[in-house]
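[1] Return a 3D structure for these sequence lines:
(chains A and B)
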Amino acid sequence: MNELDLKAVGVTAINQKLYKVPRDSNERHWVIRNPMGQHAIACGLDGPLAVDIMGHVGFYCGGMNKEAEITVHGHAGVGVAENMMSGVVWVKGNASESAGATANGGLLVIEGDASSRCGISMKGVDIVVGGSVGHMSAFMAQRGNLVVCGNAGEALGDSIYEARLYVKGRADNLGADCIEKEMRQEHLEDLAKLLERAKMKHRPQDFRRYGSARKLYNFNVDHADAY
Amino acid sequence: MCGIVGLYLKNPALQPQLGAMFKPMIIEMTNRGPDSAGVAIYRNPVKANEIKFSLAHDDPAYNWKHVDAGLEEALSCDARVEQIGNHCILVTTAKEDEVTAWLRKNAPGVRVVGSGHTIEIFKETGLPENVYRKFDLASASGTHIIGHTRMATESAVTTAGSHPFATGADLCLVHNGSLSNHNRLRENLRREGMEFQTENDTEVAAAYMTWKLRNGATLKEALQDGLKDLDGFFTFLVGTADGFAVVRDPIACKHAVMAETDDWVAMATEYRAIAHLPGADDAKIWEPEPTTIYTWGGNA
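    Okay, here's the model as predicted:
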């Protein structure tokens, strides 16, 4: 295990250090102390490292992550794991808005609540939130899974293309073109796997599934007057 | 951009350190707002029959002695002044409207930036660090404090356009965001008798709150009505006599984060401002929800 003190060396030095770890190195486990809420910590990693950040982080932590397993032992600011490609970003506390925005792959786990726009424009990531998500979550979501063990805020899945949304609590207000869908055996199996990966103890049968009605895919001439 | 920060002490033993605890918070928000900065600090409550004014003048050499001597003679009251930078704290037994009328007539160039029993407002153009030093705030004690670092978007970089804006006795407002209907709203409020010093959008929000409160609304009601009548992006932090309130517009795209420990409650645009506080690592941290009014101190 290697320790880095962010207060002493700053974000750039820490990220540079992590970029330079050779792929075949045995020094895989890195602990970052005193993150001080700084932005872009452990951003752009592209190797199989395990990074533990011991405190609260600012914006864009773990952005563009590839292969690394990043754990935030605290709160994550705006845009955690945005555009993640693969690997894992795990937040022990709550997360601010736009968690997992545009992420292509990998797993984002938020043990607490996520705020608004969680999974906005998600493109293949799996997101599991232990608490609730705020308004406009999964806005224009294209692919991947969003699992919410609490409630979903207003306009869930507005203008959603694809992506599967599973909510255990209330989802009273669905966005345009987002509808509740049948939970079939394949979905129960997928959801069970996601919950297990996120170490969340919930029964898949207690969730409801939401997704795209696919009515916005094509121009509807009956709506021409609206433009 | 713009940065807003607030600190409310739950543990009275920390009060002598309020200014020192707040200094790194507001300085951390410098790159969100390097144009000007301001704070409202709640300290040194005056007697029940007294009122405390925060006054400002563009000339740092302005003779404030002229103000207290003139007031005492004209209004047969007690008055004392303490100059701090180009601001001045005036404490007097005279009535508020009589003081403001006298100032307008006899002290041209003097602006009233705040009034009440405990509030003191200081604001100025320049880097937050310089502004903080100019008003000798690092050694200040008090119960709570809110601050603003401004990156001007809607109006000019002037002292008068800096935040906080007073909204009534011991009340003030700082704002991150921009309002889109402030011109129309300013005209409406002028017809209701409100006066404006700037073309600033936040001054309109402050005047709106003042008008609502004057007409008998509680702070909570004024903020709730504001959610309907103010169009645009905003996270507001409102300082009150015994605490502060936070409210965000329905879209909530202007950042805000809250943190609480047994010793304090803090609010900031970004968590890194709060990270400097003792015990921040173990604080409960969350993002305030849109259109939800959060209050500490129970004044709302």
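
[2] burial measure for B:Asp170, as a count.
    21 (other CB atoms under 10 Å in any protein chain shown). In short, each C-beta sits where N, CA and C put it, glycine included.

[3] Okay, the residue nearest to the spatial centre of chain A and B:Asp35: tell me how far apart.
    By CA atoms, centre = their mean, chain A has its centre lying nearest to A:Gly100, at 3.5 Å. Distance from A:Gly100 to B:Asp35, counting by CB to CB, to the nearest Å: 34 Å.

[4] for A:Trp30, same thing?
    39 Å.

[5] Could you do A:Ile110 as well?
    Taking CB to CB, one finds A:Ile110 at 35 Å from B:Asp35.

[6] which one of the two has more residues nearby?
    A:Ile110 (30 against 20).

[7] What's the per-residue pLDDT of the residue nearest to B:Trp264 when sequence neighbours are not counted here?
    Setting aside the residues directly before and after it, B:Trp264 is nearest to B:Leu9 in space (CB to CB, 6 or more residues apart in numbering or on different chains), at 5.4 Å. Listed pLDDT for B:Leu9 reads 96.

[8] any idea how far B:Leu277 is from whatever residue of the stretch 51-200 of chain B ends up closest to chain A?
    As assessed by CB to the nearest CB, chain A sits closest to B:Asn176 within the stretch 51-200 of chain B, at 13.6 Å. Distance, B:Asn176 to B:Leu277, using CB to CB: 20 Å.

[9] Same question for B:Met258.
    Applying CB to CB to B:Met258 and B:Leu277 gives a distance of 13 Å.

[10] Between these two, which contacts overlap?
    B:Ala266 (CB atoms under 8 Å, 6 or more residues apart in numbering or on different chains).

[11] could you give the mean pLDDT of stretch B:115-128?
    96.

[12] Near chain B, which residues of chain A? Just list them.
    With CB under 8 Å from any CB of the partner chain as the criterion, chain A meets chain B at residues A:35-39, A:55-59, A:74-75, A:77-78, A:93-94, A:96-97, A:112-113, A:115-116, A:134-135, A:153.

[13] re the thing from before, neighbour-wise, which of B:Asn176 and B:Leu277 wins?
    B:Asn176 (27 against 21).

[14] Does that one lie in a helix or a strand, and which?
    Here B:Asn176 sits within strand B:171-179, counting by DSSP states H and E.

[15] Now do the buried residues in that strand.
    Buried positions in strand B:171-179, judged by neighbour count with 16 or more other CB atoms under 10 Å in any protein chain shown: B:171-177, B:179.

[16] go on, stretch A:152-163?
    A:152-161, A:163.

[17] again, but for stretch A:203-220
    Quick answer for stretch A:203-220 (16+ other CB under 10 Å): A:204, A:207, A:209-212.

[18] Just name the closest of those to chain B, please.
    Nearest member of the buried residues of stretch A:203-220 to chain B, counting by CB to the nearest CB, is A:Tyr210, at 21.0 Å.

[19] can I assume that closest one sits in a strand?
    Yes - assigned with DSSP: H, G, I helix; E, B strand; the rest coil, A:Tyr210 falls within a strand.

[20] Quick one: the buried residues of stretch A:203-220 as TSV, columns for pLDDT too.
    Output for those, formatted as TSV (pLDDT from 0 to 100):
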residue	pLDDT
A:Pro204	98
A:Phe207	98
A:Arg209	98
A:Tyr210	98
A:Gly211	97
A:Ser212	96
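
[21] In those, find the pair that's most separated.
    Farthest-apart pair in the buried residues of stretch A:203-220 is A:Pro204 and A:Ser212; separation 20.8 Å (CB to CB).
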